[in-house]
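>>> Model the following, please.
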Amino acid sequence: MRVSQTLRAVILASVALLLIGMTGCYNGSDQDQRQRDEKTREAAADAAAKVKPALKEAGRDLNEAAKTAAEEAHAAAQGAREGWKRGSGQLLDLNSASESDLMELPGITRRDARRIIADRPYRAKHDLVSRRIISSNEYASIRDQITVNQ
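Residues are numbered from 1 along each chain as shown. The predicted structure is shown next:
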């Protein structure tokens, strides 16, 4: 997995920086100390420069994975919501349902819901097709969820 490789690279770079930093603990002359400090800074800068692209790539990978997970979670929530409604056993009465209730039916838009309400009353649920309010395909997807009470 790409993120694991990046994490390994970051850990190795961190260990390298730690070891380099520890070598700076040697007591010697001020000139030697400045040279060690300069080498440590150079090594740290090189390690950071090498790790930076991998971290950026890991960030992009994580961002993409989070986006995909969010999309899948949203789809699952919508499916659960639809399943909950289907399993309720309550049929939606075309002659009394509100606009928002009608819009909860699969494929029914606000425009469709308003047309359904405007063309009331209905004698049969198939009137939606015979009066050309919705198509046969749209009707097929909702016919088991609607009824007409008179």
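
>>> Show me the strands in the protein, by range?
92-93, 146-147 (DSSP state E).

>>> Those strands: which one's closest to D112?
Judged by C-beta to C-beta, the one of the strands of the chain that comes nearest to D112 is strand 146-147, at 12.3 Å. (Each C-beta comes from the backbone N, C-alpha and C, glycine too.)

>>> partners of that closest one, with directions?
As defined by DSSP bridges, the strand partners of strand 146-147 come to strand 92-93 (parallel).

>>> Just the terminal-to-terminal distance for stretch 80-99.
Separation of the first and last residues of stretch 80-99 by C-alpha to C-alpha, to the nearest Å is 22 Å.

>>> still on that earlier bit, make JSON lines from the strands of the chain and add mean neighbour count, distance to V129 and mean pLDDT to it.
Formatted as JSON lines, the strands of the chain follow (neighbours: other C-beta atoms under 10 Å; distance: least, C-beta to C-beta, whole Å; pLDDT from 0 to 100):
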{"stretch": "strand 92-93", "mean neighbour count": "16", "distance to V129": "16", "mean pLDDT": "94"}
{"stretch": "strand 146-147", "mean neighbour count": "18", "distance to V129": "12", "mean pLDDT": "95"}
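
>>> what's the domain layout of the chain?
With domains defined by automatic domain parsing, the chain comprises 2-86, 92-147.

>>> so how far is the last one off the chain centroid?
Which is domain 92-147. Remark: domain 92-147 is offset 31 Å from the chain centroid, using C-alpha atoms, centre = their mean, to the nearest Å.

>>> From A43, how far off is the residue of the chain most remote from its centre?
Farthest-out residue of the chain from its mean C-alpha position, per C-alpha atoms, centre = their mean: S29, at 58.5 Å. Look at S29 and A43: by C-beta to C-beta, to the nearest Å, they are 21 Å apart.

>>> Show me where the protein has its helices.
Using DSSP state H, the helices found in the chain span residues 2-23, 30-86, 99-103, 110-118, 127-130, 136-142.

>>> where does the protein dip in pLDDT?
1-10, 12-28, 85-89 (pLDDT under 70).
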